[in-house]
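**Q** pasting a predicted model and its sequence here:
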Amino acid sequence: MIKITLPDGSQREYPQPVTVAEVAASIGAGLAKAALGGRVGEGAGARLVDTSHRIDADAKLAIVTEKDAAGLEMIRHSTAHLLAYAVKELFPEAQVTIGPVIDNGFYYDFSYTRPFTPDDLAAIEARMLELSKKDEPVVRRVLPRDEAVAYFKGLGEHYKAEIIASIPSNEDVSLYREGGFEDLCRGPHVPSTGKLKHFKLMKVAGAYWRGDHRNEMLQRIYGTAWATKDDLQNYLRMLEEAEKRDHRKLGRELDLFHMDEHSPGTVFWHPKGWAVWQEVEQYMRRVYRENGYQEVKGPQILDQGLWEKTGHWQKYRENMFTTESEKREYALKPMNCPGHILIFKQGIKSYRDLPLRFGEFGQCHRNEPTGGLHGIMRVRAFTQDDGHIFCTEDMILQECVEYTALLQRVYADFGFTNILYKVATRPEARIGSDDSWDKAEHALMESLRRSGCEFVISPGDGAFYGPKIEYTLKDALGREWQCGTMQVDFFMAERLGAEYVAESGERKTPVMLHRAIVGSLERFIGILIEQHAGALPAWLAPVQAVICCITEAQAEYVAEIAKTLQKQGVRVAADLRNEKITYKIREHSLQKVPYILVAGDKEKASGAVAVRARGNQDLGVMPLDDFARKLADDINRKV
């Protein structure tokens, strides 16, 4: 007798081994129809299986449907195979390689004699829909490794054969067949192609075989798949909105910045974009001053020996830009930490000096792969609002609590109130004792508990020198952006010989807290542009107000108004062109200027302006002083 325990604690008995599909059918016809797979076992030992999986001993079982995250992943994984099936039907000479699940979808890499075209993509998607309607069973079988290699070589699928040949010879491999297509895969998969209804192919891109630029360039077809039609449509609408908000597109349209192949991965800031940068930097500079940070500035180039002492040379060498002078090797700094330690070491420090908080707008360089660069979101040269707190062990908890509160206030000022918290714990490759890691991880988790923040744990994702809190923002489209960090480090200061004089008179090594709130200013500004769809709030807008004359008769009056507002610190422009006022208003509206002021003869005579707020809001005629107060209030309230 086989006893199956269900998630609600109820139990069912079967006289002989039973499949997941049979258990679902015994519960109800609706569940049998909805079943995509099963989860056998519980906790870390649980495993996902197909509905055809046979259970031959007492077990705990949960039926997986499209409502489960695991079910959606199975749909996406199976849709990747459906894509490969369709490609092989339409282009029999194409060779299949790998097709994993990714965020919101999947991809599959193919080797083919010519590039796939948009028309090809449309044809492939249409064939996928036909195959889905056929509702063909997805059937699993297992072969010895060498037999599987021979099988795929016989089909002419040399990439698959190479993948299987890399598996230990004593292992069996599983294959999944649907109709005339069979693929290597661990699984699990949905029971039939009819479960795959809501998908769309998105684009084709290049990808090197096994990620190595020395290998053949393959064609990667990306797709998305969802459990319901509504989910698919909502995702496509979100992508459409995200495209409108793309910071690269808006950067060009609003004349904020550009990227140039003469310096790949770096940003050329235009006057308007640099105005936004300066506002963010000056805001963060005020945060430094008001929260006990002393601003410092370290050099860009540091000797290789220093990076060897910190461990970065061994761990991070391939991502560092290096240079040589007078037979000495140097590296452009990829982070600011070692420089801050060298500043700390100048002069004798006492326990009374701690906590000592250094802050720097430090420019860093990292040799990111070209394929990973993305506008100003992922660059090779960036500036961090980088800070390091040197403190004693018993100060860690309070410093972390205060930092989280500060970060929440800063994010709220920029319009972000939805923050996710994650604690990344010790990786396998690390320095320092387990006891030190225990203390550091406890301090971070306890600080979030005292701050009233729910958090998740990400095992093994900490830096090699310490665990960290990652602070992730959710934007207007629900997308997540990891920005802020707080890292506890017991080791780097010791490696570079930093000490303070304790109350007892003995020399001790300070604990070093690495922290950044916005992180990379370039990336954060990109996030802000997309969050606000380019319509930055008045306090951040590169041009806060434009003043337009209706005719040349008001040109002198408009120029005087502009000078008056400039003296008050307003970023203002005067439009004195001999153009129709409707044309001017439309043009500045497209530039997403918060306020457009119009001056005709009546306004000139009364010393006033007609005010239009962004979004085509007519605020009427008001004295210039009243407008100046309104704008000042907007800036003060960060709106």
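**A** Okay, I see it.
**Q** the bottom helix or strand of the chain by mean pLDDT?
**A** helix 312-316 (a mean of 85; mean pLDDT, DSSP states H and E).
**Q** C-terminal to that one, what's the next element?
**A** Note on helix 312-316: by DSSP states H and E, the next helix or strand toward the C-terminus is strand 322-325.
**Q** hmm, back to that, need the CA coordinates for the least confident helix or strand of the chain. PDB is fine.
**A** The C-alpha coordinates for helix 312-316 follow below in PDB (Å, rounded to 0.1, in the frame of the first residue of the first chain):
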ATOM      1  CA  HIS A 312      40.900  42.300  -5.100                       C
ATOM      2  CA  TRP A 313      43.800  41.400  -7.400                       C
ATOM      3  CA  GLN A 314      43.100  37.700  -6.900                       C
ATOM      4  CA  LYS A 315      39.300  37.900  -7.000                       C
ATOM      5  CA  TYR A 316      38.700  40.800  -9.400                       C
END
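**Q** buried stuff in that helix?
**A** H312, W313, Y316 (16 or more other CB atoms under 10 Å). (Each C-beta comes from the backbone N, C-alpha and C, glycine too.)
**Q** just the helices from the stretch 151-300 of the chain, written as ranges.
**A** Secondary structure of the stretch 151-300 of the chain (DSSP state H, counting those that start in this stretch): helices at 158-165, 229-245, 247-253, 271-290.
**Q** would you turn those helices into CSV with mean pLDDT, mean neighbour count and distance to G505?
**A** Compiled in CSV, those are given as follows (pLDDT from 0 to 100; neighbours: other CB atoms under 10 Å; distance: least, CB to CB, whole Å):
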stretch, mean pLDDT, mean neighbour count, distance to G505
helix 158-165, 90, 18, 64
helix 229-245, 95, 13, 59
helix 247-253, 97, 18, 55
helix 271-290, 97, 16, 32
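**Q** take the ones you listed and write them to JSON lines, including distance to H514.
**A** Shown next, in JSON lines, are these (distance: least, CB to CB, whole Å):
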{"stretch": "helix 158-165", "distance to H514": "40"}
{"stretch": "helix 229-245", "distance to H514": "31"}
{"stretch": "helix 247-253", "distance to H514": "27"}
{"stretch": "helix 271-290", "distance to H514": "15"}
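**Q** out of the ones you listed, nearest to P15?
**A** The closest of the helices of the stretch 151-300 of the chain to P15 is helix 158-165. By CB to CB, the value is 38.5 Å.
**Q** A helix includes L406, no?
**A** Yes. Applying DSSP: H, G, I helix; E, B strand; the rest coil, one finds L406 inside a helix.
**Q** next up, the contacts around it.
**A** By CB atoms under 8 Å, 6 or more residues apart in numbering, the residues touching L406 are V287, N291, I517.
**Q** now the second one: closest residue in space, sequence neighbours ignored.
**A** Put plainly, it is N291. In space, and not counting its chain neighbours, N291 is closest to L406: 5.8 Å by CB to CB, 6 or more residues apart in numbering.
**Q** quick one: that neighbour from A34, how far?
**A** 48 Å (CB to CB, to the nearest Å).
**Q** ok, now G305?
**A** For G305, the distance to A34 - CB to CB - is 63 Å.
**Q** who has more neighbours out of those two?
**A** A34 (16 against 11; other CB atoms under 10 Å).
**Q** spatially nearest residue to that one (excluding sequence neighbours)?
**A** Ranked by CB to CB, 6+ apart and with sequence neighbours excluded, the top spatial neighbour of A34 is T65, at 4.4 Å.
**Q** so that neighbour sits against A35, correct?
**A** Yes. Here T65 reaches A35: they are 6.3 Å apart, a contact under CB atoms under 8 Å.
**Q** neighbour count for those two, which is higher?
**A** Between T65 and A35, A35 has the larger neighbour count (other CB under 10 Å), namely 23 against 19.
**Q** tell me the contacts of the more buried one?
**A** Contact partners of A35, counting by CB under 8 Å, 6+ apart, are V20, A21, A24, T51, I63, V64, T65, P191.
**Q** redo the residues you listed as CSV? Include pLDDT and secondary structure.
**A** What follows is those, written out as CSV (pLDDT from 0 to 100; DSSP: H, G, I helix; E, B strand; the rest coil):
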residue, pLDDT, secondary structure
V20, 94, helix
A21, 94, helix
A24, 94, helix
T51, 95, coil
I63, 94, strand
V64, 95, strand
T65, 94, coil
P191, 96, coil
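**Q** mind checking which of the residues you listed are buried?
**A** V20, A21, A24, T51, I63, V64, T65, P191.
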